[in-house]
Structures are given as C-alpha cells and as structure tokens.
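A.B. asks: pasting the structure only:
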C-alpha cells in the first residue's frame, strides 16, 4: 500500500483503503459525471459510465500509485469508459437510422429536450476526447499538464485537441455566441 | 482568455454547477461496498458449471445402473415396465379413491361433550394393511470387458 503526499487542496489517499476510496468517490463523483456529461451530451448515459468507471477504479484501487493524483486517475478511467460507450452508441445509432428509414420520427422525451441547449448540442458534435479536454480545461480549471496526466497524453496533444474543439464549437455556435 | 472562452466557461458553469450541488450517495450504498461481481463469469463460474454438470451426469448414471441391475436389461422401456409392475403390486389393500377413505373419527368441530364418553369401539375390525413390498436393490453389475482377440501373424 502506498499513500500520497498531496497538497492541502489534494487530499492524500492510501491505495487499497476502502474508506479512502469512499472519500475519493464523494469528492470526485460529481466532477467526473460533469466531464462525462460534457463528452456524451446525455446525463443518463454519463451516470451509467460514471458508475462503471468507479467500479473499475475500485477493482484497481490497490494498484493505484500516488504519482498520479487520484482524481486524475479516476478521470482517465472514466474517459476511457465513456469513449468506449460513445463508439458503441454510434454503431447503435447507425443501426437505428437504418431501421427507422421511412418511418415517422417519434417525439423526443423531456430528458432529451432538457439536453438540447446550444452548448450541449455543440459539444455533441465534438469528438469525445476533445470534449473531455474542453470540460477539464474550461469547467474544472485543469492546466494542460494536468489534463495530459489525466488522459495519459503529451501536453502538446492536449493543446491541439483544445484548439480543434474550440474551432468546432465556434463553427457550430457562431462567432457572436454570448 | 478571449470573449469566446469566457462565454464558454460561463455556459459550462450554467449547465453543470447544479450538478455540484447534488450530493452523491455513498459508494458503499451504491455498490454494496464491493465492485459488482460477475458470479457466473470467470474461472470460478466455469468450475462451478463443470462440477454441476458432473454431479447431474453421475446421478443419472447411478439411477440407470440401479434400474439396469434390477431389470437385468439395458433397455429403458424395461425399466419403465418394472416400475409400473411395482406400482400395480402395491395397489391391493390400499384405498385408491377418496370415497374409499373411511373417516377415522368424527369431525372435531361437531363433537359434543356428551357424545364423546359413550362412543363405542367400532364393530368392524380395521382392514389389515399389508406392508408395501420393498424392491430389493442389488449392487450394480459391472460388465466384464474381454480384450479383443489379436490376430496372430505367422
């Protein structure tokens, strides 16, 4: 078991400790949920992926190393879960479109209507890894270095993903947005 | 940070700040304190499935062996006939329909205190019930297998 010496803002955890995992869960669950909702544009799906991500994290909790901040580690697991989900969902949607050809469209549910703000719709157009970088940067306030640690990619890749995501959002929302 | 990024941050906070106000229920409550286990999956599941299949096959083999020994036949139809014979042999001396069941005593709810002391023993002697013939179980005969004759090469 190893414990981390993190800054006062970053609590320390002991790998394998159930009570520490509970603290990590309570501290980071909503933030992970927000990141995944930004990626997927669907809260229900984000809830499922968040739960799956924490279940995986709990299984791997003994092998967590304090070199990576615990919340960034959980974020990395969660983003991988969400990317897998997003790929499966794309395949399913393609099948649905083929199945519904020629049939009248069903009215959207209230939950779907609630998720139809301009920004959520724009985020859905952005590839999920770019959307994750955007939410980590502009909502959670992570630095590019922290995002790189979360996603396990070089900092310059983070910068290019952020730039690409911003360009797509601007194209969708328009220059005069807000 | 330019206007677009400021607008983006404001928009994200409007969307997601309400999420932060929600308090998640404890992990132990959601996952029962443990990660969801795949009971039927993995090596343990495969081992349990194999053991269960083996137990079922062993029980079937034992039943078939006993019936084969009792009937001296490997034909399951003979086993069925043998069971039918045993059931028919057990019929005489036993009531076969509900109407044949004589009440052993009057209904308790209809008993009166006066009626109970004057009750006389029944005039008819109770039917003699012979015990059911118990099937004899002989041990399973193990077939002897003789090795095939090897032709001798001159």
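C.D. replies: Now that the structure is in, tell me what you want to look at. The structure presented is a predicted model; accordingly, all values stated were derived computationally and were not measured.
A.B. asks: Moving C-terminal from the helix or strand of chain B with the lowest mean pLDDT, which element do we reach first?
C.D. replies: Using mean pLDDT, DSSP states H and E, the weakest-scoring helix or strand in chain B turns out to be helix B:42-71, at a mean of 67. Sequence order places helix B:76-90 as the next helix or strand after helix B:42-71, per DSSP states H and E.
A.B. asks: Which positions in chain A make contact with chain B?
C.D. replies: Counting by Cβ under 8 Å from any Cβ of the partner chain, chain A comes close to chain B at A:18, A:21-22, A:25-26, A:29-31, A:33-34, A:37-38, A:51, A:54-56, A:58-59, A:117, A:119-120, A:134-135, A:138-139, A:166, A:169-170, A:175, A:177-178. Placement of C-beta: from N, CA and C, glycine included.
A.B. asks: Just the buried residues out of those residues, in ChimeraX syntax.
C.D. replies: What follows is the ChimeraX syntax for the buried subset of these, where burial is set by 16 or more other Cβ atoms under 10 Å in any protein chain shown:
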select /A:21,25,29,30,31,33,34,37,38,51,54,55,56,58,119,120,134,135,138,139,166,169,177
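A.B. asks: For chain A, which helix extends over the most residues?
C.D. replies: Assignment by DSSP state H gives helix A:70-100 as the longest helix of chain A.
A.B. asks: Could you tell me how far that helix lies from the centre of the chain?
C.D. replies: Here helix A:70-100 shows a centroid-to-chain-centroid distance of 10 Å under the convention Cα atoms, centre = their mean, to the nearest Å.
A.B. asks: Give the other helices and strands that it contacts.
C.D. replies: helix A:18-40, helix A:43-59, helix A:128-138, helix A:144-151 (3 or more Cβ pairs under 8 Å, 6 or more residues apart in numbering or on different chains; DSSP states H and E).
A.B. asks: now what about the shortest one, what contacts it?
C.D. replies: So that's helix A:144-151. A:68-69, A:72, A:75-76, A:79, A:129, A:132-133, A:136-137, A:142, A:154-155, A:157-159, A:162 (Cβ atoms under 8 Å, 6 or more residues apart in numbering or on different chains).
A.B. asks: Okay, buried residues for the following helix or strand past that helix please.
C.D. replies: Using DSSP H and E, the helix or strand that follows helix A:144-151 in sequence is helix A:155-173. Using 16+ other Cβ under 10 Å as the test for burial, helix A:155-173 gives A:157, A:158, A:161, A:162, A:164, A:165, A:166, A:168, A:169, A:172, A:173.
A.B. asks: and helix A:155-173, what other elements does it pack with?
C.D. replies: Against helix A:155-173 (3+ Cβ pairs under 8 Å, 6+ apart) you get helix A:118-125, helix A:128-138, helix A:144-151, helix B:3-21.
A.B. asks: Would you tell me which one of those helices is buried the most?
C.D. replies: helix A:128-138 (a mean of 25; mean count of other Cβ atoms under 10 Å in any protein chain shown).
A.B. asks: so where's chain B shaky on pLDDT?
C.D. replies: B:30-50, B:60, B:63-64, B:67, B:91-154 (pLDDT under 70).
A.B. asks: Which single residue of it ends up nearest chain A?
C.D. replies: At 3.1 Å from chain A, residue B:7 is the closest residue in chain B, using Cβ to the nearest Cβ.
A.B. asks: Quick check: that residue touching residue B:1?
C.D. replies: No: Residue B:7 is beyond contact range of residue B:1, at 10.2 Å (criterion: Cβ atoms under 8 Å).
A.B. asks: Dump the helices and strands packed on helix A:70-100 into JSON lines; add mean pLDDT as well.
C.D. replies: Converted to JSON lines, the helices and strands packed on helix A:70-100 look like this (pLDDT from 0 to 100):
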{"stretch": "helix A:18-40", "mean pLDDT": "94"}
{"stretch": "helix A:43-59", "mean pLDDT": "95"}
{"stretch": "helix A:128-138", "mean pLDDT": "93"}
{"stretch": "helix A:144-151", "mean pLDDT": "88"}
